[in-house]
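Enquirer: got a sequence here, can you build the structure:
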Amino acid sequence: MVTTSDFCQRVNQPNPSSILYSSIRDHVSNGTPKEALLIYTQNRRNPLNLLSLLPLVFKACAFLSLTNYGKSLHSESIKAGLQSDVVVGTSIVNMYGKCCNIMDARKVFDEMPVKNVVTWNAMISGYMRNRATQHALHIFNKMSDRTAVSWIEMIDGFAKIGDIVMARCFFNRVPSTLKNVITWTVMVDGYASNGDMKGAKDVFDAMPERNFYVWSSMISGYFKNGDVESGETIFNRIPIRNLVNWNSLISGYSQNGLCEKALEAFSKMQFDGFEPDQVSFASALSACAQLGLLKTGKDLHKTIIKKRLKLNIFVLNSLVDMYAKCGDLTNARIIFENMNESERNDSCWNAMISGFSIHGLCKEALEFFDKMEKSKVNPNEITFLSVLSACAHAGFVEEGLEIFCKMGKYGLLGNVKHYGCLVDILGRAGRLKDAYRVVTEMPVKPNESVWGALLGACRVHSDMEMANLVVEKVNAELTRSGYGYVVMSNMYAACERWEKAESVRNLMFHERVRKTVGHSSVIVDNT
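Expert: Reported below is the predicted structural model:
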């Protein structure tokens with residue numbers, strides 16, 4: 001017999017399915033989809049309310065682009081007879097679209113017995129994400145009922161592929177009843193993301209109301225274009241600031257090399273009562289990396305640990321970059337090694353390789369390059385530049401030539417900096433004729449740095465004949481800077497040909513060529 005107290009106790013006990021749903025929903029909402037999938041996987045053998053859980057889990061898969069996991073869940077939904085449910089079906093369409101599996105998305109869409117406007121919007125979003133604009137237009141034109149989201153997907157989709165004209169055409173066509181603050185914001189962000197700040201400003205000024213995001217879009221757009229003053233002006237106009245606005249300012253300063261200002265803004269933000277998040281710390285750490293402020297960077301790392309802030313991929317990469325650039329390669333390597341393989345992107349690998357290269361640990365740089373090639377992350381132009389630089393400083397000629405030839409394997413074309421490294425590698429090894437051949441035959445126009453590297457090699461190896469040939473070849477270019485003249489003057493002086501050295505100096509005076517002034521920076525009391 002069930003007593004009243006037993007009944008009350010059962011009623012007051014939380015429903016396991018409800019707790020599971022809340023936990024997964026919270027992780028998806030808070031941007032921790034891995035944890036959401038882990039919880040779902042751990043509970044799959046228990047009786048579950050799949051109708052409510054599957055849309056959330058599909059959303060987590062979409063966020064992480066886990067196509068195979070999503071297909072497994074798709075099969076599970078078919079076995080449970082839930083694919084025909086409009087919410088589950090829509091979440092499957094959305095998942096496939098975001099995983100760039102647009103064919104399967106369309107197949108599910110066509111087979112759905114019932115579709116709502118959210119389903120149609122998900123299909124449009126999938127096509128636009130995959131740059132299939134004609135298919136997106138076809139779906140859009142077939143819609144019997146459109147919402148603000150339908151128009152926003154089209155505007156945002158065209159803007160993201162750089163077709164700002166089509167984006168504006170759709171924006172102009174939005175019915176007045178559906179043109180809300182988000183529609184205006186997406187149009188402003190479209191202009192700003194494509195570097196058209198005049199177009200962004202025109203739409204921004206015409207907005208009947210503004211949200212915090214549109215202010216940040218304007219700030220980021222100006223800073224991206226290098227217009228720091230306009231970015232600061234927009235920030236100062238914000239009536240009520242939030243953390244996102246501050247992050248845009250700090251990030252903008254850091255990206256433009258104004259690292260002192262970035263750290264000042266980081267401090268002022270906290271003084272104004274805003275707690276920094278992952279974006280704030282990532283930007284501040286980047287500023288420390290550029291300035292070489294190891295102590296400040298370590299203090300930020302300690303604060304992150306103290307606040308128990310989740311170390312996402314951006315913070316981890318920023319920590320690796322900061323420690324590597326500041327010369328603390330031990331800590332950089334510890335953080336790198338403790339990262340999951342999925343968290344190591346090309347920026348993270350490049351930070352380590354560049355750090356080793358800059359601080360003279362060339363063998364370690366090549367070792368990490370080899371590890372990167374064996375990983376799932378392909379090296380990019382920056383990777384090759386760092387490795388080639390390491391080869392030049394270490395005198396690894398054959399390794400450098402082999403690595404340069406590998407660029408084609410990854411579909412990369414060498415730019416003037418890569419060829420400059422190649423010239424430096426050959427020049428340091430005394431292979432001046434080979435270096436000269438590279439300069440004269442390279443597919444891009446050699447700049448002053450490339451010729452300078454060759455002239456520097458001529459000086460090191462006291463090859464006056466090659467130096468004269470180089471100067472004759474690029475006489476027009478060398479008159480723009482004092483570097484070539486200084487090298488030639490020093491070479492004549494080293495050979496005790498004083499009259500020649502003096503004549504070069506006199507020529508510099510008459511041609512009004514100025515010697516480039518060298519400069520250095522030092523850190524005193526962490527400043």
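Enquirer: how far off centre is stretch 412-420?
Expert: 21 Å (Cα atoms, centre = their mean, to the nearest Å).
Enquirer: what residues sit buried inside that stretch?
Expert: Of all the residues in stretch 412-420, those buried under the rule 16 or more other Cβ atoms under 10 Å are L412, G414, K417, H418, Y419, G420. C-betas here are computed from N, CA, C, even on glycine.
Enquirer: which of these lies closest to S22?
Expert: L412 (47.4 Å; Cβ to Cβ).
Enquirer: show me the shaky parts of the stretch 1-150 of the chain.
Expert: The stretch 1-150 of the chain contains residues with pLDDT under 70 at 1-17.
Enquirer: from the centroid of this protein, which residue is nearest?
Expert: S347 (7.6 Å; Cα atoms, centre = their mean).
Enquirer: before we move on, which element is that residue in?
Expert: Assigned by DSSP states H and E, S347 belongs to helix 346-358.
Enquirer: before we move on, back to that, tell me the contacts of the residue nearest to the centre of the chain?
Expert: By Cβ atoms under 8 Å, 6 or more residues apart in numbering, S347 lies in contact with N317, D321.
Enquirer: now it: how far from N317?
Expert: Between S347 and N317 the computed distance is 5 Å (Cβ to Cβ, to the nearest Å).
Enquirer: hmm, back to that, mind checking pLDDT for the residue nearest to the centre of the chain?
Expert: On the pLDDT scale, S347 is placed at 90.
Enquirer: next secondary structure after the helix or strand of the chain with the lowest mean pLDDT?
Expert: Scoring the helices and strands of the chain by mean pLDDT, DSSP states H and E places helix 4-12 at the bottom, with a mean of 43. The helix or strand immediately downstream of helix 4-12 is helix 16-29, counting by DSSP H and E.
Enquirer: dump that following helix to PDB, keeping only the CA atoms.
Expert: Presented in PDB, the C-alpha positions along helix 16-29 are these (Å, rounded to 0.1, in the frame of the first residue of the first chain):
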ATOM      1  CA  PRO A  16      15.500  11.700 -14.900                       C
ATOM      2  CA  SER A  17      14.500  12.600 -18.500                       C
ATOM      3  CA  SER A  18      13.800  16.100 -17.500                       C
ATOM      4  CA  ILE A  19      17.200  16.500 -15.800                       C
ATOM      5  CA  LEU A  20      19.000  15.000 -18.800                       C
ATOM      6  CA  TYR A  21      17.100  17.300 -21.200                       C
ATOM      7  CA  SER A  22      18.000  20.400 -19.100                       C
ATOM      8  CA  SER A  23      21.700  19.400 -18.800                       C
ATOM      9  CA  ILE A  24      22.000  18.800 -22.600                       C
ATOM     10  CA  ARG A  25      20.100  22.000 -23.400                       C
ATOM     11  CA  ASP A  26      22.300  24.100 -21.100                       C
ATOM     12  CA  HIS A  27      25.500  22.800 -22.700                       C
ATOM     13  CA  VAL A  28      24.200  23.500 -26.200                       C
ATOM     14  CA  SER A  29      23.100  27.000 -25.100                       C
END
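Enquirer: how far away from the center of its chain is it?
Expert: Between the centre of helix 16-29 and the centre of its host chain there is 31 Å, according to Cα atoms, centre = their mean.
Enquirer: list the contacts of it.
Expert: Under Cβ under 8 Å, 6+ apart, the answer for helix 16-29 is 33, 35-36, 39-40, 43, 46-49, 52-53, 56-57, 59-60, 63.
Enquirer: run the last query once more with 10 Å
Expert: Contact with helix 16-29 is made by 14-15, 32-40, 42-43, 46-49, 52-53, 55-60, 62-63, as judged by Cβ atoms under 10 Å, 6 or more residues apart in numbering.
Enquirer: now the residues you listed: which count as buried?
Expert: 32-33, 35-37, 39-40, 43, 48, 52-53, 55-60, 62-63.
Enquirer: the stretch 51-200 of the chain: helices as residue ranges?
Expert: 67-79, 86-98, 102-111, 117-129, 133-142, 148-160, 164-173, 181-193, 197-206 (DSSP state H, counting those that start in this stretch).
Enquirer: for the fifth one, buried residues please.
Expert: For helix 133-142, a neighbour-count test (16+ other Cβ under 10 Å) marks T133, H135, A136, L137, I139, F140 as buried.
Enquirer: next SSE after the helix or strand where A435 lies?
Expert: Following DSSP H and E, the helix or strand that holds A435 is helix 432-441. Where DSSP H and E defines the elements, the next helix or strand beyond helix 432-441 is helix 448-460.
Enquirer: next one: that next one to chain centre, how far?
Expert: 34 Å.
Enquirer: quick one, that helix and helix 432-441 angle?
Expert: 160 degrees (axes from the mean of the first three to the mean of the last three Cα atoms, to 10 degrees).
Enquirer: which element is encountered next along the chain beyond helix 448-460?
Expert: Heading C-terminal from helix 448-460 (DSSP H and E), you reach helix 464-473.
Enquirer: so what does that following helix touch, helix or strand wise?
Expert: helix 432-441, helix 448-460, helix 475-478, helix 483-494 (3 or more Cβ pairs under 10 Å, 6 or more residues apart in numbering; DSSP states H and E).
Enquirer: mean pLDDT lowest for which of the ones you listed?
Expert: When I compare the helices and strands packed on helix 464-473, helix 475-478 is least confident, with a mean of 53.
Enquirer: mind listing what the closest residue to P55 other than its chain neighbours touches?
Expert: Spatially, and ignoring its direct neighbours in sequence, P55 is nearest to S91 (4.0 Å; Cβ to Cβ, 6 or more residues apart in numbering). Going by Cβ under 10 Å, 6+ apart, S91 touches 54-59, 61-62, 70, 73-74, 77, 85, 108, 118-119, 122.
Enquirer: what's the angle from the host helix or strand of H393 to helix 346-358?
Expert: For H393, the host element (DSSP H and E) is helix 381-394. Interaxial angle, helix 381-394 versus helix 346-358 (the same axes, to 10 degrees): 10 degrees.
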